[in-house]
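Asker: sharing a model that was predicted from the sequence below.
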Amino acid sequence: MDDVMIILAALWTALMLTYLLGDVLRIFSGDFKAGEIGGRRITQGMGLGIAILMVAPIVMVILSLTLSHSANRWANILVAIFFFGFNLIGLPNYPSAYDKFLMIVGLVFNVLIVWYAWQWV
């Protein structure tokens, strides 16, 4: 197994844990209201969309360790760029300093994923 595959899987794991830490802090700080996101009631479709979005880093851990080189490289680059853009757009909407800090840490992980995948020959 190539060292880059392990590094990419570790970066996706770190990104996933960063997202989960933000969720846990939101619950314990009281910035979270059950059944709502941003003041909007969570529908079944919204919940499904969030689940699909949040499972992507978990899937990327597995794909980083199992896909062939070319598919692995491009999947990591494309999915990390998607998450970078998605989180960058959402960054101003997070009111708390801890959320902004964790989102910036997540953006750094996305950049590192793209960097390692891009440099992988």
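Answerer: Nice, I can see it.
Asker: just give me the longest helix of this protein.
Answerer: Longest helix in the chain, counting residues (DSSP state H): helix 3-29.
Asker: name every strand pairing with the helix or strand just after that helix and say which way it goes.
Answerer: Downstream of helix 3-29, the next assigned helix or strand under DSSP states H and E is strand 36-37. Taking DSSP bridges as the criterion, strand 36-37 forms sheet pairs with strand 40-41 (antiparallel).
Asker: so what's the gap between the partner strand and the chain middle?
Answerer: 22 Å (CA atoms, centre = their mean, to the nearest Å).
Asker: stretch 85-94 now?
Answerer: On CA atoms, centre = their mean, the centre of stretch 85-94 falls 12 Å from the chain's centre.
Asker: quick revisit: other SSEs contacting the longest helix of the chain?
Answerer: Packing partners of helix 3-29 (3 or more CB pairs under 8 Å, 6 or more residues apart in numbering; DSSP states H and E): helix 44-66, helix 69-90, helix 97-119. Placement of C-beta: from N, CA and C, glycine included.
Asker: apply 7 Å and report the result again.
Answerer: Applying 3 or more CB pairs under 7 Å, 6 or more residues apart in numbering; DSSP states H and E, we find helix 3-29 packed against helix 44-66, helix 97-119.
Asker: so of those, which one's packed in deepest?
Answerer: helix 97-119 (a mean of 17; mean count of other CB atoms under 10 Å).
Asker: got the contact list for that one?
Answerer: Here helix 97-119 makes contact (CB atoms under 7 Å, 6 or more residues apart in numbering) with 4, 7-8, 11-12, 14-15, 18-19, 21-22, 25, 73, 76-77, 80-81, 83-84, 87-88, 91, 94.
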